[in-house]
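Peer 1: After the sequence you'll find the predicted model.
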Amino acid sequence: MRQAQVEIERREIERKSNSGVIWSALIRYAAYLIMLFGILYFLVQYVIPMIR
């Protein structure tokens with residue numbers, strides 16, 4: 001009697017996303033938002049009253 005050899009191939013899937021990259025992107029976009037709101041605040045407080 002002949003026994004059949006069965007090879008099982010295991011594949012491990014690694015997540016491609018690095019949490020450090022994600023956090024640095026979030027911090028960058030948060031900084032962009034803060035700068036945007038700062039510019040808008042400056043326009044509303046100082047530039048628009050000068051125009052009137």
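Peer 2: Arrived safely.
Peer 1: What's the first helix or strand after the longest helix belonging to the chain?
Peer 2: Counting by DSSP state H, the longest helix found in the chain is helix 19-42. Under the assignment DSSP states H and E, the closest C-terminal helix or strand after helix 19-42 is helix 48-51.
Peer 1: and that next one, what does it pack onto?
Peer 2: Where contact means 3 or more CB pairs under 8 Å, 6 or more residues apart in numbering; DSSP states H and E, helix 48-51 is not packed against any helix or strand. Where you see a C-beta, it was placed from the backbone N, CA and C, and this is true even at glycine.
Peer 1: Can I get the longest helix of the chain in PDB, CA atoms only?
Peer 2: Only the C-alpha atoms of helix 19-42 are listed here, as PDB (Å, rounded to 0.1, in the frame of the first residue of the first chain):
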ATOM      1  CA  SER A  19       0.800  52.300  12.100                       C
ATOM      2  CA  GLY A  20       3.600  54.800  12.300                       C
ATOM      3  CA  VAL A  21       2.900  56.000   8.800                       C
ATOM      4  CA  ILE A  22      -0.800  56.300   9.500                       C
ATOM      5  CA  TRP A  23      -0.200  58.400  12.700                       C
ATOM      6  CA  SER A  24       2.300  60.700  10.900                       C
ATOM      7  CA  ALA A  25      -0.300  61.300   8.100                       C
ATOM      8  CA  LEU A  26      -3.000  62.000  10.700                       C
ATOM      9  CA  ILE A  27      -0.700  64.500  12.500                       C
ATOM     10  CA  ARG A  28       0.200  66.200   9.200                       C
ATOM     11  CA  TYR A  29      -3.500  66.600   8.200                       C
ATOM     12  CA  ALA A  30      -4.400  67.800  11.700                       C
ATOM     13  CA  ALA A  31      -1.600  70.400  11.300                       C
ATOM     14  CA  TYR A  32      -3.000  71.500   7.900                       C
ATOM     15  CA  LEU A  33      -6.400  71.900   9.500                       C
ATOM     16  CA  ILE A  34      -5.100  74.000  12.400                       C
ATOM     17  CA  MET A  35      -3.200  76.200   9.900                       C
ATOM     18  CA  LEU A  36      -6.300  76.600   7.800                       C
ATOM     19  CA  PHE A  37      -8.400  77.600  10.800                       C
ATOM     20  CA  GLY A  38      -5.700  80.000  11.900                       C
ATOM     21  CA  ILE A  39      -5.700  81.700   8.500                       C
ATOM     22  CA  LEU A  40      -9.500  81.900   8.500                       C
ATOM     23  CA  TYR A  41      -9.400  83.400  12.000                       C
ATOM     24  CA  PHE A  42      -6.900  86.000  10.900                       C
END
